[in-house]
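In: next input, structure requested:
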Amino acid sequence: MPDQRTPAEQPPGTRDVPVHERRDGIDPLPELGLMSRQTPLVLIDAANTAERTWLAVGPDTVRAVLGDAERFSTRPPADTEADSRRLIQEGNLLQYDPPEHTRLRKMQAPEFTQRRMRRLEPLVEKIVDDHLDALERAGQPADLVRHFAQPIPALVGCVLLGIPRDDHAELARNLDLSRSDNRPREQRMAAGKAYMAYLIKFARSRRRHRGDDLISALIHDHGMDMSDAELAGTVATLLAPAILNVTGTLSLGVLALLQHPDQLALLRERDDLVDRAVEEMLRYTSVVSTASPRTALVDVPLAGEVVKAGDVVLCSLLGANRSGCPHAEDAFDITRENAGHVAFGHGIHHCLGAPLSRLTLRTAVHALLHRFPGLRLAVPVEDLRYKSPSGIYGVETLPVAW
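Out: Numbers count the residues shown, from 1 in each chain. Here you go, the predicted structure:
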């Protein structure tokens with residue numbers, strides 16, 4: 001059954017979050033669907049910015065903005081172009097425009113080919129099996145987030161990048177703290193600094209001692225063309241989605257299955273549906289509610305309005321994914337042939353690590369349901385607590401039994 005939690009029962013501060021990011025359990029608020037149908041592009045009040053800010057909610061409008069790198073910049077909004085460039089985190093592909101973006105992406109793309117993913121598949125399977133054992137050892141009820149959804153993507157991401165196993169827990173903890181809106185600002189900033197300081201130290205270490213990992217490959221092929229800061233930024237940009245986004249999608253995706261027993265039974269019966277199920281989980285959960293801001297470089301006619309040069313556009317991935325469903329109702333449907341979602345973004349900034357995320361989700365969901373055919377929630381759904389919707393969304397804990 002759908003989660004009946006009201007927005008007031010979300011984490012502290014949720015009522016101050018704009019409507020396009022607020023949730024009712026997994027679901028967006030009904031107002032978002034209404035906006036998508038009636039006002040796919042609307043001016044909004046945005047804090048801490050002098051620029052006019054638009055919200056794109058309709059699926060066609062969202063794709064039009066995200067797919068237009070010539071007229072919309074992904075650099076951080078600022079008063080001048082020079083100020084915007086100074087705000088860019090080195091190595092963060094999401095903050096670069098061509099040609100800098102093209103240069104960095106070409107360096108990284110070969111590490112995410114289907115061939116590379118096939119090589120990683122046995123390793124991912126082993127990591128998943130180990131954590132299924134850990135989940136079982138934890139006893140019933142067990143927290144699926146703590147013992148399964150969180151450690152698996154963290155370990156997969158760290159192994160891909162060559163980060164030593166002894167450092168995984170602290171690195172993941174600092175990353176989680178730095179992105180948590182439920183923590184004091186000072187604590188978030190300290191965690192973020194510790195996270196980046198570690199990654200710069202790691203990049204320098206990899207220059208001296210290479211291994212069989214993505215960062216070592218980048219150093220081997222492009223080491224003279226990338227600074228330590230660019231390498232650290234590359235690791236940060238790849239690792240955050242690998243951990244936080246996949247953790248959120250895996251935990252909320254399993255929750256969606258448990259709330260839709262007909263879909264859960266169908267997936268248990270038909271292994272061939274696992275790929276479609278993963279795509280539906282990505283669409284339905286949309287753990288990243290809003291894409292990074294785009295700034296118009298010229299006047300752009302869009303959805304019956306004119307976005308002026310210098311205006312900022314926020315693109316609601318949640319709105320596009322949940323309101324742009326071709327079905328009459330936004331049902332959770334693992335048989336959907338073409339989910340057509342933008343959970344990984346769209347255009348030149350489409351998530352580079354999407355193949356690894358799909359591999360991790362597919363392997364984890366398939367193995368979990370086969371190991372625990374009686375998997376079920378161990379608490380009433382209304383007792384669940386969710387992360388702040390203004391960050392990467394997810395459930396704080398997910399007690400399960402089997």
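In: list the buried ones in stretch 386-402?
Out: Neighbour-count burial for stretch 386-402 flags 386-395, 398-400 (criterion: 16 or more other C-beta atoms under 10 Å). Heads up, the C-betas are built off the backbone N, CA and C, glycines and all.
In: kindly report the same for stretch 280-300.
Out: Of the residues in stretch 280-300, 280-297, 300 count as buried by neighbour count, 16+ other C-beta under 10 Å.
In: so where's the stretch 1-150 of the chain uncertain?
Out: 1-16, 46-50 (pLDDT under 70).
In: looking only at pLDDT, what's the mean for stretch 386-400?
Out: Mean pLDDT, stretch 386-400: 91.
In: chain center to it, what's the gap?
Out: Shown here is stretch 386-400, whose average C-alpha point lies 13 Å from the average C-alpha point of the whole chain (C-alpha atoms, centre = their mean, to the nearest Å).
In: before we move on, the earlier item: show me the buried residues of stretch 280-300 that map onto strands.
Out: Mapping these onto strands (DSSP state E) picks out 294-296, 300.
In: got CSV for those, with distance to residue 79 and pLDDT too?
Out: Listed next are these as CSV, based on distance: C-beta to C-beta, whole Å; pLDDT from 0 to 100:
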residue, distance to residue 79, pLDDT
294, 17, 96
295, 11, 95
296, 15, 96
300, 20, 98
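In: farthest pair within the residues you listed?
Out: Using C-beta to C-beta, the two most remote members of these are 295 and 300, lying 10.9 Å apart.
In: next, show the common contact partners of these two.
Out: With contacts taken as C-beta atoms under 8 Å, 6 or more residues apart in numbering, residue 295 and residue 300 have residue 72 as neighbours in common.
In: quick revisit: from the buried residues of stretch 386-402, which is closest to residue 353?
Out: Comparing the buried residues of stretch 386-402 against residue 353 with C-beta to C-beta places residue 392 closest, at 14.0 Å.
In: give me the spatial nearest neighbour of the closest one, chain neighbours excluded.
Out: Among residues not flanking residue 392 along the chain, residue 244 sits closest, at 4.5 Å (C-beta to C-beta, 6 or more residues apart in numbering).
In: got a list of what the one you found touches?
Out: Counting by C-beta under 8 Å, 6+ apart, residue 244 makes contact with 175-176, 179, 287, 392, 394.
In: so the residue positioned nearest the centre of the chain: helix, strand or coil?
Out: Centroid check for the chain by C-alpha atoms, centre = their mean gives residue 245 as the closest residue, at 3.2 Å. Assigned by DSSP: H, G, I helix; E, B strand; the rest coil, the conformation of residue 245 is helix.
In: contact partners for it?
Out: Taking C-beta under 8 Å, 6+ apart as the contact definition, residue 245 lies against 287-288, 357, 392.
In: so which of the buried residues of stretch 386-402 belong to strands?
Out: Cross-referencing these against strands under DSSP E gives 399-400.
In: would you list the buried residues of stretch 386-402 in JSON lines and tack on distance to residue 254?
Out: Below are the buried residues of stretch 386-402 laid out as JSON lines (distance: C-beta to C-beta, whole Å):
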{"residue": "386", "distance to residue 254": "14"}
{"residue": "387", "distance to residue 254": "15"}
{"residue": "388", "distance to residue 254": "20"}
{"residue": "389", "distance to residue 254": "19"}
{"residue": "390", "distance to residue 254": "23"}
{"residue": "391", "distance to residue 254": "20"}
{"residue": "392", "distance to residue 254": "17"}
{"residue": "393", "distance to residue 254": "14"}
{"residue": "394", "distance to residue 254": "11"}
{"residue": "395", "distance to residue 254": "9"}
{"residue": "398", "distance to residue 254": "7"}
{"residue": "399", "distance to residue 254": "12"}
{"residue": "400", "distance to residue 254": "8"}
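In: taking the buried residues of stretch 386-402, tell me the two that lie furthest apart.
Out: 390 and 400 (26.9 Å).
In: quick one: the strands in the stretch 101-250 of the chain?
Out: Counting by DSSP state E, counting those that start in this stretch, one finds strands in the stretch 101-250 of the chain at the ranges 142-143.
In: leaving out the residues flanking it, which one is nearest to residue 198?
Out: Spatial nearest neighbour of residue 198, excluding adjacent residues (C-beta to C-beta, 6+ apart): residue 171 at 6.1 Å.
In: any regions of the stretch 201-350 of the chain where pLDDT drops low?
Out: Residues of the stretch 201-350 of the chain meeting the criterion pLDDT under 70: 324-329.
In: could you pull out the helices in it for me?
Out: Applying DSSP state H, counting those that start in this stretch to the stretch 201-350 of the chain gives helices spanning 214-222, 228-240, 246-259, 261-269, 274-285, 317-323.
In: relative to residue 138, which of the ones you listed is closest?
Out: Among the helices of the stretch 201-350 of the chain, the nearest to residue 138 by C-beta to C-beta is helix 246-259 (15.3 Å).
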